[in-house]
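A.B. asks: Show me how the following folds:
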Amino acid sequence: MYLLDKVLFCIWLLVPAYQYSDLHVQNARVGFWGIAAILIFRLAMRDLLRRRIVLPSRGLFVPFTLVCAWKFVELVRAPDQLSAAFLVFVDFLITYVCCLMVAPRIFSVDTWLLEFRRLNVFALGLAIVAHPFIPDRTDMAGWDKGESWAFAHPNIAAMYPLVIYLITIIMFGMRVKRRPQWSDVLCIAFSLLTLTLTGSRTTLAILIVATLLALFNVVALAYIKDRVDHEVQALIVLLKLCAVGIIAGGAYYAYVLLGAQAIDDNFSGRLSFARQVLLSAKNLVLGVGLLPPGSNLLADNATRGAGIDGLYTNLVYGEGYVGFVIFLIAMFGFRRMVSFDRRCKAFFGVALVSGLLFGVTETHFWLLASPLTALVAILASTLGTQAGSRAVINLGAPQPQFIHLEGARVEGRASWRA
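C.D. replies: Here you go, the predicted structure:
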């Protein structure tokens with residue numbers, strides 16, 4: 001029954017990959033919006049025929065109502081770019097409606113991870129094969145720093161092997177698979193090789209962090225198991241605080257050792273430009289209004305070659321501290337959806353932390369329909385829905401019909417037989 005829906009959903013997920021390519025795609029939103037409309041229509045008609053409406057991801061309803069309501073407020077305040085901001089708003093709305101409401105109706109956790117890994121392997125392989133036939137784009141800063149194949153930038157290309165790697169370790173962490181197969185070994189090798197070729201420093205750092213988190217989870221789950229006493233909880237909190245302290249101390253040590261200018265140079269000038277952009281905003285509490293990711297009112301993206309790099313700078317600049325707090329509420333909502341199981345919560349955290357770290361230098365997580373966005377959002381929604389976070393609205397059983405045939409009262413359907 002859901003085979004056509006799965007095929008349509010996979011095609012819908014491939015549209016952003018096509019949009020991120022070197023092809024300078026025009027009107028890609030037609031396919032993005034059109035396929036989403038078909039999926040929503042099919043599920044809605046199926047519910048109406050069954051007279052019961054299924055609402056998955058019930059636990060995320062309030063957080064994402066806040067997110068969309070605030071984005072609508074910022075859309076009204078959009079500075080002289082209302083048409084572009086409206087398109088961004090609809091893109092965001094469609095992305096999360098499909099990820100949170102449609103995907104849990106089509107996939108289980110196991111089928112989602114397996115199918116999504118295949119889809120990313122296909123997209124990355126297709127980009128590598130098609131690269132010689134597509135001219136490189138030269139309108140983006142840093143496009144030539146590493147292999148990007150048919151994608152527009154090495155950081156965009158690096159998302160796909162990163163997601164393949166994350167999915168593989170999450171599948172074994174959540175025990176979707178009991179033992180590794182040749183396909184899993186090949187996926188790990190393929191992702192590591194292609195990720196290294198991209199030269200994306202951000203993504204390579206995320207790979208290391210994700211691996212360490214996965215190993216920590218394996219050790220913790222093996223020794224702590226299902227114990228929930230106060231001593232174990234205190235130990236977990238202490239380990240988390242130690243990890244935060246080590247990260248903060250390492251960052252401070254690097255700042256003192258290298259200096260602000262050297263760190264900014266290592267980040268390709270992102271920090272200084274982000275500082276200039278934030279200082280140029282008249283109101284950081286409410287933001288300047290909804291803008292396309294990377295856009296700003298200080299410098300022209302066409303002449304600079306890049307916009308504001310980083311999810312958090314974009315959020316604070318465009319939606320203010322209010323929007324940033326609502327974003328944190330949504331992330332907490334994701335986390336809460338998977339808190340029913342310690343193992344699922346631990347390995348979902350690997351994907352969530354990877355997405356949040358990717359947002360330090362890039363805008364593709366959360367704001368755009370990227371592979372990282374789909375992985376985190378759909379994994380949270382499918383896990384939560386399978387655990388019971390859903391609502392079913394019964395529209396009522398069909399009322400019996402009373403039809404008079406030849407003066408007799410007949411209950412049920414009319415018979416046209418003589």
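A.B. asks: Need the pLDDT of the residue nearest in space to the middle of the chain.
C.D. replies: The residue lying closest to the centre of the chain (C-alpha atoms, centre = their mean) is Thr373, at 1.0 Å. Looking at Thr373, its pLDDT reads 95.
A.B. asks: need the strands for the stretch 251-400 of the chain, in chain order.
C.D. replies: Counting by DSSP state E, counting those that start in this stretch, the stretch 251-400 of the chain has strands at residues 390-394.
A.B. asks: I figured the residue nearest to the centre of the chain was touching Leu356, is that so?
C.D. replies: No. Judged on C-beta atoms under 8 Å, Thr373 makes no contact with Leu356 at a distance of 11.8 Å. All C-beta spots, glycine's among them, are computed from the backbone N, C-alpha and C.
A.B. asks: Now do the contacts for the residue nearest to the centre of the chain.
C.D. replies: Going by C-beta atoms under 8 Å, 6 or more residues apart in numbering, Thr373 touches Thr95, Cys99, Gly355, His364, Phe365, Trp366.
A.B. asks: Closest to Leu286 out of the residues you listed?
C.D. replies: Ranked by distance to Leu286 (C-beta to C-beta), the contacts of Thr373 are led by Trp366 at 19.5 Å.
A.B. asks: what's the burial count for that closest one?
C.D. replies: The number of residues packed near Trp366 is 26, by other C-beta atoms under 10 Å.
A.B. asks: so what sits against both of Thr373 and Leu356?
C.D. replies: What both Thr373 and Leu356 touch, as defined by C-beta under 8 Å, 6+ apart, is the set Phe365.
A.B. asks: What is the lowest-pLDDT residue among the contacts of Thr373?
C.D. replies: His364 (90).
A.B. asks: Name the nearest of the contacts of Thr373 relative to Tyr317.
C.D. replies: Trp366 (14.6 Å).
A.B. asks: ok now do that closest one, which residues does it touch?
C.D. replies: Residues counted as contacts of Trp366 (C-beta under 8 Å, 6+ apart) are Leu311, Phe327, Gly355, Gly359, Thr373.
A.B. asks: and which of those is nearest Ala210?
C.D. replies: Using C-beta to C-beta, these come closest to Ala210 at Gly355, 10.4 Å.
A.B. asks: Which stretches in the stretch 1-150 of the chain count as strands?
C.D. replies: 52-56.
A.B. asks: quick check, nearest of the contacts of Thr373 to Leu48?
C.D. replies: The shortest approach to Leu48 among those belongs to Cys99, at 22.6 Å (C-beta to C-beta).
A.B. asks: Excluding sequence neighbours, find me the nearest residue to that closest one.
C.D. replies: Leaving aside its chain neighbours, Cys99 sits nearest to Ala377 (3.9 Å; criterion: C-beta to C-beta, 6 or more residues apart in numbering).
A.B. asks: where exactly do the helices run in the stretch 1-150 of the chain?
C.D. replies: 3-19, 29-50, 61-76, 82-97, 103-106, 109-130 (DSSP state H, counting those that start in this stretch).
A.B. asks: whoops, the stretch 201-350 of the chain was the one
C.D. replies: 201-223, 230-258, 260-266, 270-280, 301-304, 311-337, 342-358.
A.B. asks: Low-confidence regions, the stretch 101-250 of the chain specifically.
C.D. replies: Across the stretch 101-250 of the chain, the ranges flagged by pLDDT under 70 are 137-144, 224-233, 235-236, 240.
A.B. asks: redo that, cut-off 80
C.D. replies: Residues of the stretch 101-250 of the chain that meet the criterion pLDDT under 80 lie in 135-145, 177-180, 220-250.
A.B. asks: what residues are up against Leu297?
C.D. replies: Pro79, Ser280, Val288.
A.B. asks: By neighbours, which of those wins?
C.D. replies: Val288 (22 neighbours).
A.B. asks: is it true that it touches Leu278?
C.D. replies: No. Here Val288 does not reach Leu278: they are 10.3 Å apart, not a contact under C-beta under 8 Å.
A.B. asks: Name the residues contacting each of these two.
C.D. replies: Listed as contacting both Val288 and Leu278 by C-beta under 8 Å, 6+ apart are Tyr317.
A.B. asks: count of residues packed around Val129?
C.D. replies: Val129: 11 neighbours (other C-beta under 10 Å).
A.B. asks: Could you check how far it is from Ala123?
C.D. replies: 11 Å (C-beta to C-beta, to the nearest Å).
A.B. asks: Ala330 too?
C.D. replies: 26 Å.
A.B. asks: more crowded one of those two?
C.D. replies: The neighbour comparison of Ala330 against Ala123 (other C-beta under 10 Å) goes to Ala123, with 24 against 18.
A.B. asks: that older thread, please produce CSV containing the helices of the stretch 201-350 of the chain, extended by distance to Ser21.
C.D. replies: Converted to CSV, these look like this (distance: least, C-beta to C-beta, whole Å):
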stretch, distance to Ser21
helix 201-223, 18
helix 230-258, 35
helix 260-266, 28
helix 270-280, 24
helix 301-304, 19
helix 311-337, 22
helix 342-358, 19
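A.B. asks: so which of those helices comes closest to Val163?
C.D. replies: helix 342-358 (8.8 Å).
A.B. asks: Kindly tell me how buried the spatially closest residue to Ile378 that is not a sequence neighbour is, as a neighbour count.
C.D. replies: Leaving aside its sequence neighbours, Ile378 sits nearest to Ala103 (C-beta to C-beta, 6+ apart; 4.5 Å). By the criterion of other C-beta under 10 Å, Ala103 has 27 neighbours.
A.B. asks: List the contacts of Ala103.
C.D. replies: Ala103 neighbours (C-beta under 8 Å, 6+ apart): Phe9, Trp112, Ile378, Ser381, Thr382.
A.B. asks: distance of the third one from Ile38?
C.D. replies: From Ile378 over to Ile38 the distance is 18 Å, taken as C-beta to C-beta.
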